[in-house]
Structure formats: C-alpha cells, structure tokens
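1. I'll drop the sequence and a predicted model, then ask my questions.
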Amino acid sequence: MKYVHSRPELFKDKLIESRKKYHPPPNPERDELVKKQRPEIDHVMVKDKPPCFIDIIQRWEEKNSCHLPNDLKQFYLMSDGMEIKWLVKAENSAPVFIGKMFINGIIDLNRIGFSKNAKGITLDDLNDFSVNDVTHYPLFNTEENRIFELDPCDGNGRVSLVINADSSKSSIWFLDRSLKFHHLADTFTEYYRLLLLHCGLPFWHYNYTDFGIPPYILHWYYMLVPALFTNSNNNSNENDQTTKSSSLIEFDPEKVFQRKNAV
C-alpha cells in the first residue's frame with residue numbers, strides 16, 4: 001500500500017489545490033485596472049465560482065417547494081455564489097480588509113427558521129414585533145412566505161430572500177440582530193446594484209434601518225462612497241439619495257447575469 005507521504009509530489013499537489021481553494025492566486029492585471037480607477041484600493045481578492053448546473057437548481061426548488069426568481073437563477077447559472085474582498089491603503093500602515101461582497105452558493109441558500117429557546121421566545125412573539133406597523137413584514141412561522149439566507153453578513157445580520165407561497169413574488173430583506181426585518185429591494189437585480197453601489201463596505205445594510213451605519217465606520221464611507229451622503233440630512237434622505245444614485249449607474253442585468261455554458 002502506498003501512502004501519500006511516500007510520494008512528496010502528491011502531497012505538494014494537494015497542498016497547492018487546497019491553497020487555491022481558500023486563497024485565490026493574485027491577479028496583477030485586475031489589480032492594476034482597479035488601481036487606475038480607484039488608487040486608494042490596494043488589492044482585490046476574488047474567489048472564482050463555477051456556474052451552477054440547472055439540475056441542481058431544479059432539485060433545490062423541488063426540495064424547498066418554491067421557484068427561484070429568474071434574475072437570481074440567471075446569476076447562479078453564471079456563478080454559484082460570489083465572494084469578493086478588497087483592501088484599502090491606510091496612511092503609514094499596512095493595507096487592511098475593508099470591503100466584502102458575498103452571496104451564498106445555492107447549496108448554502110438555506111431556509112431561515114427559529115425555534116423556541118430557553119427564554120421562552122416563540123415565533124409568534126417575533127411576529128408580534130410588526131403587528132402595529134403598516135409595512136408587510138415577512139413572517140417566520142407561516143406558509144405565506146419562505147425565507148432564505150443570501151448573506152450571513154459575518155454575524156452582523158442576515159440578507160434574506162423572501163419568496164411568497166406561489167413563487168409569484170420575491171423580495172430582499174435585511175434581518176438585523178434584533179430579528180427585525182428591513183426592506184432592501186424588490187428584486188435580486190436591485191439588491192445586486194445596491195451591493196455594488198455600497199462597495200460591500202461593513203454594515204452598509206444598516207443604512208436601511210432605523211439605527212443607521214455605526215458612526216465609527218462612517219469615515220470609510222465618506223472616503224470611498226461620498227456620493228451616498230451628499231445633500232442628505234437624515235437617514236431617510238440618505239436612502240432617497242441612494243436610490244437616485246443607483247438609478248444613474250449603467251447596469252444591464254442581461255449582460256451581467258449572462259449564462260455560462262455548464263455541461
């Protein structure tokens with residue numbers, strides 16, 4: 001019987017493949033292009049994701065008894081998820097990770113559910129948070145809608161895909177750590193545009209909540225995406241300005257979500 005350690009070249013090959021999986025190789029051409037456009041950006045790390053097979057999407061839909069929205073389905077046919085990180089240059093210090101754009105692969109697109117815990121909080125108690133609010137929030141314990149996790153947000157909340165019972169309508173919501181929903185977009189395409197607009201900066205989803213973006217991180221926003229806060233006097237005005245700014249960005253979803261041939 002031959003062992004891996006008896007053939008060093010096999011061990012080396014496995015190690016290289018493992019490093020490629022978790023640490024993508026550098027891409028000097030992409031970094032140079034980014035530096036020309038945004039000189040404050042030092043390095044961009046992109047994990048290449050293969051396209052998702054159509055039969056995997058169909059099995060997911062059968063398992064969860066619902067249909068993915070067409071724009072999200074086209075995205076998965078192009079790339080099974082997304083993970084982009086980038087570093088920013090800090091004066092007289094080493095570059096630091098500041099931006100992250102992430103979307104779960106279809107295998108990790110799991111349904112969000114909560115059960116009764118030690119404190120006796122039930123799903124009905126969580127739904128009671130929105131009883132007196134005219135906004136139609138997603139509900140946890142009904143078949144009226146199904147809620148799936150698009151982005152775990154590094155534990156700072158969850159970006160949720162909400163699909164109604166007959167799959168005729170879907171929307172994107174942010175679930176904060178107090179388990180309250182905040183509407184982000186009516187479609188995945190709109191959410192994708194917002195993600196790009198905010199450059200994946202930390203806590204950007206909180207710009208659409210009552211709390212707002214934490215003050216200690218705002219300097220990055222004023223430095224990297226100042227247009228988001230131009231002529232904005234309060235949080236609601238910021239959201240209006242964001243919506244107006246996003247409408248000015250040339251964005252063709254058919255080109256962005258162009259399907260790759262997955263054989």
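-> Arrived safely. Residues are numbered from 1 along each chain as shown.

2. Run through the helices of the stretch 101-250 of the chain in chain order.
-> 123-127, 188-197, 218-224, 235-248 (DSSP state H, counting those that start in this stretch).

3. Next, count neighbours for residue 211.
-> 14 (other C-beta atoms under 10 Å). To be clear about C-beta, it is placed using only N, CA and C from the backbone, and glycine gets the same treatment.

4. residues contacting it?
-> residue 176 (C-beta atoms under 8 Å, 6 or more residues apart in numbering).

5. So for it, what's the pLDDT?
-> At residue 211, the model reports a pLDDT of 89.

6. Neighbours of the closest residue to residue 207 other than its chain neighbours, how many?
-> The shortest distance from residue 207 to any non-neighbouring residue, by C-beta to C-beta, 6 or more residues apart in numbering, is to residue 213 (5.4 Å). Neighbour count for residue 213, taken as other C-beta under 10 Å: 23.

7. from memory residue 71 sits against residue 190, does it?
-> No. Residue 71 lies out of contact with residue 190 (C-beta atoms under 8 Å); the separation is 9.1 Å.

8. Doesn't residue 59 lie inside a helix?
-> Yes. Assessed with DSSP: H, G, I helix; E, B strand; the rest coil, residue 59 lies in a helix.

9. distance of it from residue 107?
-> Per C-beta to C-beta, to the nearest Å, residue 59 is found 10 Å from residue 107.

10. count of residues packed around the residue nearest to residue 85 when sequence neighbours are not counted?
-> Leaving aside its chain neighbours, residue 85 sits nearest to residue 45 (4.6 Å; criterion: C-beta to C-beta, 6+ apart). Residue 45 has 18 neighbouring residues, counting by other C-beta under 10 Å.

11. my read: residue 45 touches residue 100, true?
-> No. Using C-beta under 8 Å, residue 45 makes no contact with residue 100, being 9.5 Å away.

12. Return every residue with contacts to both of those two.
-> Both residue 45 and residue 100 are contacted by 84-86, under the criterion C-beta under 8 Å, 6+ apart.

13. By pLDDT, rank the residues you listed and give me the bottom one.
-> Comparing those by pLDDT, residue 86 comes last, at 86.

14. just checking, residue 208 touches residue 181?
-> No. The pair residue 208 / residue 181 is not scored as a contact, 10.6 Å apart, by C-beta under 8 Å.

15. And the residue nearest to residue 85, what's its pLDDT?
-> Model confidence at residue 45 (pLDDT) stands at 84.

16. likewise the one 10 residues further on?
-> What the model reports as pLDDT for residue 55 is 95.

17. name the helices or strands packed onto the strand or helix carrying it?
-> If you go by DSSP states H and E, residue 55 is part of helix 54-64. Where contact means 3 or more C-beta pairs under 8 Å, 6 or more residues apart in numbering; DSSP states H and E, helix 54-64 is packed against helix 70-78.

18. Could you rerun that using 10 Å?
-> Helix 54-64 is packed against helix 70-78, strand 145-151, with contacts defined by 3 or more C-beta pairs under 10 Å, 6 or more residues apart in numbering; DSSP states H and E.

19. I'd like to know which of those lies nearest to residue 161.
-> Closest to residue 161 of the helices and strands packed on helix 54-64 is strand 145-151 (C-beta to C-beta; 4.5 Å).

20. between that closest one and helix 188-197, how big is the angle?
-> 30 degrees (axes from the mean of the first three to the mean of the last three C-alpha atoms, to 10 degrees).
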